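[1] I would like to see how this sequence folds:
(one chain, ligands or ions: 2)
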Amino acid sequence: MLVVMHATATSADIERVCTAISDMGYQPLPMPGAQRTTVGLVGNDRRVDGSHIEALPGVAEIIYVSSPFKQVSREWRSDNTLVTIAPGVTFGGTDVPVIAGPCSVESEKQILEAARMVRDAGAVALRGGAFKPRSSPYSFQGLGKEGLALLRRAKEETGLAIVTEAMDDEGAQLVAEYADCIQIGARNMQNYSLLKTVGKMRTPVMLKRGMAATVQELLLSAEYILSEGNDQVILCERGVRTWDPSSRNMFDLNAIPAVQKLSHLPIIADPSHGTGVRDRVPPMARAAIAAGADGLLIEVHPDPNRALSDGAQSLFPQQFSDLMRELGSIAGAIGRRISALPAR
Ligand code: PEP
Ligand code: MN
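    Ligands and ions are numbered 1, 2, ... in the order given. Predicted coordinates:
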């Protein structure tokens, strides 16, 4: 439930509404806006009766949020939420940031080469997993803390923002010390303990769609993070598994406008995991920008044939720089721009 205050409401009026919500056993969340303040009622899983609140002084109207996800919904907040992970790297506005880099951090040489290359091609953030959720326990599991330290070096040298995955509660605290944005992977989209942990933190979170998750389940997972107080959440479409082995996943471009209608949170596209096949990544990246994605996540490797994970879907450096040029024209055609790093 949302209590919309009159523009003329006083702070005492707002305070009275907050007290009334607390007295009902829920949490009040005042949200000052440019024109007027709205007070959210947090903590209900069904419709509550707000008639006595509607009668309080300064209250303009009560809006009952009909969707199962509340704080994530457009009903709750009509303006786009802007998620800034580093100076000049904002998701949800006109500019479209590109996050690029290898699937995993493998060595100092590899990650520094990757960082220089993606920065020179126009990316604003570097990705690379230090903690890797692999299907097999015998596959490369990532360099762990050493990988995080290498990402920090890459950031110091290039100025790129850092996005990297955390797989558990303890890892989330550690990742937050090094990264500008914590990635929650597809396999952990419904790890509710981890979602609550990052919800209590203040580091921005990139939440990937689960392998077989509906759009509603993705938004409900995001609600876990917002319900704990962190509204700096970027959603990510990375494809869902289907019956068809012709691609790794079915890249669901339709999720982008669908989510943008349902939620104020930015949604980016990951055509690398969405297709699993290198040569399909540029066409789907172009399509995602045309469809209005608020950012891209692209796997690029200095030497994909030697990659320790996801080599088959990692772009060669030249492919990535060609793609970046094309994306600039496509973004321009729909009144957007590919983000550029601010001068250092
Ligand atoms: C990744 O980004 O490298 C990754 C493991 O992605 P996902 O969680 O979408 O499979
Ligand atoms: Mn990967």
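[2] Look up how far residue 270 lies from the closest residue to ligand 1 within the chain.
    Proximity to ligand 1, evaluated over the chain using CB to the nearest ligand atom, is greatest for residue 185 at 2.9 Å. Where you see a C-beta, it was placed from the backbone N, CA and C, and this is true even at glycine. Computed as CB to CB, to the nearest Å, the residue 185 to residue 270 distance reads 10 Å.
[3] which of the two has more neighbours?
    Neighbours per residue (other CB atoms under 10 Å) separate residue 185 from residue 270, with residue 270 holding more: 30 against 23.
[4] Do you know the pLDDT at the more buried one?
    According to the prediction, residue 270 has pLDDT 98.
[5] Residue 343: how many residues sit nearby?
    Counted with other CB under 10 Å, the neighbours of residue 343 add up to 6.
[6] Make 58 the starting number, not 1.
    Sure, I'll start counting at 58 from here, so that last one is residue 400.
[7] quick check, it in a strand?
    No: counting by DSSP: H, G, I helix; E, B strand; the rest coil, one finds residue 400 to be coil, located in no strand.
[8] any idea what sits nearest the residue in the chain that ligand 2 sits nearest to, other than its immediate chain neighbours?
    Ligand 2 sits closest to residue 160 of the chain, with a gap of 3.3 Å, by CB to the ion. The shortest distance from residue 160 to any non-neighbouring residue, by CB to CB, 6 or more residues apart in numbering, is to residue 367 (3.7 Å).
[9] what's near enough to touch that neighbour?
    Listed by CB atoms under 8 Å, 6 or more residues apart in numbering, the contact set of residue 367 reads 159-161, 329-330, 356.
[10] ok, now how distant is it from residue 87?
    44 Å.
[11] So which residue is smack in the middle of the protein?
    residue 291 (1.8 Å; CA atoms, centre = their mean).
[12] Pretty sure that one sits in a strand.
    Yes: assessed with three-state DSSP, residue 291 lies in a strand.
[13] Walking through the stretch 158-307 of the chain, point out its helices one by one.
    With DSSP state H, counting those that start in this stretch, the ranges of helices along the stretch 158-307 of the chain come out as 165-178, 202-215, 226-235, 249-257, 272-284.
[14] Could you say which of the ones you listed is packed most deeply?
    Mean neighbour count (mean count of other CB atoms under 10 Å) peaks for helix 272-284 among the helices of the stretch 158-307 of the chain, with a mean of 22.
[15] residues in contact with that one?
    Contacts of helix 272-284 (CB under 8 Å, 6+ apart): 99, 124-130, 246-247, 249, 252-253, 255-256, 262, 264, 266-267, 270, 290, 292, 312, 315-316, 319-320, 322.
[16] and with 7 Å instead?
    Helix 272-284 is contacted by residues 99, 125-129, 246-247, 249, 252-253, 255-256, 262, 264, 266-267, 290, 292, 312, 315-316, 319-320, 322 when judged by CB atoms under 7 Å, 6 or more residues apart in numbering.
[17] Which ChimeraX command selects the buried ones in those?
    With 16 or more other CB atoms under 10 Å as the criterion, this ChimeraX line picks the buried residues out of the contacts of helix 272-284:
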select :99,126,127,128,129,246,247,252,255,256,262,264,266,267,290,292,312,315,316,319,320,322
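[18] since we're on residue 387, how many residues are nearby?
    Applying other CB under 10 Å, I find that residue 387 has 17 neighbouring residues.
[19] any idea how far residue 156 is from residue 354?
    Distance, residue 354 to residue 156, by CB to CB: 5 Å.
[20] same thing with residue 267?
    Separation of residue 267 from residue 156 (CB to CB) stands at 20 Å.
[21] got it, and residue 90?
    Distance from residue 90 to residue 156, by CB to CB: 30 Å.
[22] More neighbours: which of these two?
    Using other CB under 10 Å, the more surrounded residue of residue 90 and residue 156 is residue 156, with 29 against 13.
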